[in-house]
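Participant: how would this look folded up:
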Amino acid sequence: MANFVTARSGGLRTALRHLGAGYQAAGHEPVLVVPGAARTDEMTDQGRVITLPGPLVPRMGGYRVLLDRDRLSATLAALRPDRLEISDRATLRWLGRWARRRGIPSMMVSHESLDGLLRLFGPGPSRRVGDLLNARTAADHDQVVCTTGWAAAEFARLGVQNLTQVPLGVDLDRFTPSNYEPRMRTLWSAPDDVLLLHCGRLAPEKKPRRSLEALAALRKSGVPAVLVVAGDGPLRIALQSEAADRGLPVRFLGHVGDRSKLASLLASVDMAIAPGPIETFGLAALETLASGTPVVVSAESALPEVVGEAGVAVPGEGPAYAEAVRTLLSRPEAVRRAAARAQAERFPWERSVAGFLEAHGASPLLSADRTAVTCSPAQPPVQSMSWSEPVD
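Facilitator: As a prediction, the model looks like this:
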């Protein structure tokens, strides 16, 4: 079950799809329950997927949330899960206590930094509030899983013992340098232009304006850069107006729903900018690396752990990102693209699935002569279940 999931895209949606498919391939029976406009129940390649009615979250770009605890409880009672995987530390944290009363092991996956989110509202009591909520989260669940050391730090600081670190992964077959498409570049830039990409939701916490500032600084220094923005969100209109007022060459593509087109886009740009300061992993950045494209990231986030030497991490605002772009441009193109791909190859989804199953204490059930167990909506026995929240 996953709160704050859109029907179209998002890092959380991608992670849930790959984890579910991996659990199913290992012989388990995953069930994912997400909010939607109406109740649905279907079998998919990632297992059984149930949607329950949930209201839209205002100004969040299509995210829905499940608020009806009675409906959730009834759904769980009917499913009789062996384990719960809970990722929403806000609206679904109560499920840890629900599971413990029934003797069901529960695992909370921390896809966001509570420290980081509270920091957006300014200094003051944010650290104390975050520590209190994180301590309660750890106490309410049998296991807490974080995807990076950066994300785990706010729990480790409290001495949390039931803490595990498991990275997410990337589809290395879909996102590959072979998707490079020279003709795509001609849609937005001249042959000698430096083509930059900002890929992500256009929301305040993602700091997309830093990418515009980087573009402005590059052009001011004589670098013929062009920025392509793939993504939508509440700041899109304001960013479009600012780019037009400043005469900046920015191409706003909106949501790119075609995964093949997205893969070609990621492989065809010169580099990407991921300026969000509270990213706990960064699936979009990892998909970009797998496509052979280096990424400039915020040093305030977990992304330096993910991009390694294949990118550059910078503090501060747009001008620092412009300098990092120039640093990457100074490296031979073949070298920087090879480094990006090599870094991404350290994160196959198989590794992530194995790590999550180990955290559950659930080994793969398949032997060489067995096939995965599936179940129809009329046959509800379940062995694992996912509950989730927003990620990059």
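
Participant: would you map the strands across the stretch 1-150 of the chain?
Facilitator: 30-36, 40-44, 47-53, 84-86, 106-110, 143-146 (DSSP state E, counting those that start in this stretch).

Participant: next, format those strands as JSON lines and append distance to P319, mean neighbour count and mean pLDDT.
Facilitator: To be clear about C-beta, it is placed using only N, CA and C from the backbone, and glycine gets the same treatment. What follows is those, written out as JSON lines (distance: least, Cβ to Cβ, whole Å; neighbours: other Cβ atoms under 10 Å; pLDDT from 0 to 100):
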{"stretch": "strand 30-36", "distance to P319": "40", "mean neighbour count": "23", "mean pLDDT": "93"}
{"stretch": "strand 40-44", "distance to P319": "45", "mean neighbour count": "13", "mean pLDDT": "96"}
{"stretch": "strand 47-53", "distance to P319": "45", "mean neighbour count": "22", "mean pLDDT": "95"}
{"stretch": "strand 84-86", "distance to P319": "41", "mean neighbour count": "27", "mean pLDDT": "94"}
{"stretch": "strand 106-110", "distance to P319": "32", "mean neighbour count": "26", "mean pLDDT": "94"}
{"stretch": "strand 143-146", "distance to P319": "32", "mean neighbour count": "23", "mean pLDDT": "96"}
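
Participant: looking at these, which is closest to L163?
Facilitator: strand 143-146 (5.1 Å; Cβ to Cβ).

Participant: distance between the closest one and the chain's centre?
Facilitator: 16 Å (Cα atoms, centre = their mean, to the nearest Å).

Participant: got the CA coordinates for it in PDB?
Facilitator: In PDB, the C-alpha atoms belonging to strand 143-146 read as follows (Å, rounded to 0.1, in the frame of the first residue of the first chain):
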ATOM      1  CA  GLN A 143      12.800  -3.100  11.200                       C
ATOM      2  CA  VAL A 144      13.700   0.300   9.700                       C
ATOM      3  CA  VAL A 145      15.300   0.400   6.200                       C
ATOM      4  CA  CYS A 146      17.100   3.400   4.700                       C
END
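
Participant: before we move on, back to that, now the strands of the stretch 1-150 of the chain as TSV including distance to H198?
Facilitator: Converted to TSV, those look like this (distance: least, Cβ to Cβ, whole Å):
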stretch	distance to H198
strand 30-36	27
strand 40-44	31
strand 47-53	31
strand 84-86	31
strand 106-110	25
strand 143-146	26
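
Participant: run a quick neighbour tally on the closest residue to L283 other than its chain neighbours.
Facilitator: Distance criterion Cβ to Cβ, 6 or more residues apart in numbering; nearest residue to L283, sequence neighbours excluded, is G11 at 3.9 Å. Using other Cβ atoms under 10 Å, G11 has 23 neighbouring residues.

Participant: isn't G11 right next to F281, touching?
Facilitator: Yes: counting by Cβ atoms under 8 Å, G11 does reach F281; the two are 7.4 Å apart.

Participant: ok, which of the strands of the stretch 1-150 of the chain comes nearest Y63?
Facilitator: So among the strands of the stretch 1-150 of the chain, strand 30-36 is nearest, using Cβ to Cβ, at 8.4 Å.

Participant: ok, the closest residue in space to Q46 that isn't next to it in sequence to K261 distance?
Facilitator: With sequence-adjacent residues excluded and distances taken as Cβ to Cβ, 6+ apart, Q46 is closest to G20, at 3.3 Å. Here the criterion is Cβ to Cβ, to the nearest Å. By it, G20 lies 24 Å from K261.

Participant: go on, E317?
Facilitator: 31 Å.

Participant: ok, now V335?
Facilitator: 27 Å.

Participant: and those two? Which one has more around it.
Facilitator: K261 (15 against 10).

Participant: quick check: which element contains that one?
Facilitator: Per DSSP states H and E, K261 falls inside helix 259-268.

Participant: after that helix, next one along is what?
Facilitator: Trace forward from helix 259-268 with DSSP H and E and the next one is strand 271-274.

Participant: adjacent strands (with direction) for that following strand?
Facilitator: strand 194-199 (parallel), strand 295-298 (parallel) (DSSP bridges).

Participant: and the last one, what's buried?
Facilitator: If I follow you right, that is strand 295-298. Neighbour-count burial for strand 295-298 flags 295-298 (criterion: 16 or more other Cβ atoms under 10 Å).

Participant: likewise the first one?
Facilitator: For strand 194-199, burial by neighbour count (16+ other Cβ under 10 Å) applies to 194-199.

Participant: other residues contacting that strand?
Facilitator: Here strand 194-199 makes contact (Cβ atoms under 8 Å, 6 or more residues apart in numbering) with 185, 188-189, 208, 211, 214-215, 218, 223-231, 265-266, 268-275, 284, 288, 293, 325, 329.

Participant: try 6 Å
Facilitator: Outside strand 194-199, the residues that touch it by Cβ atoms under 6 Å, 6 or more residues apart in numbering are 185, 189, 211, 223, 225-230, 269-270, 272-273, 284.
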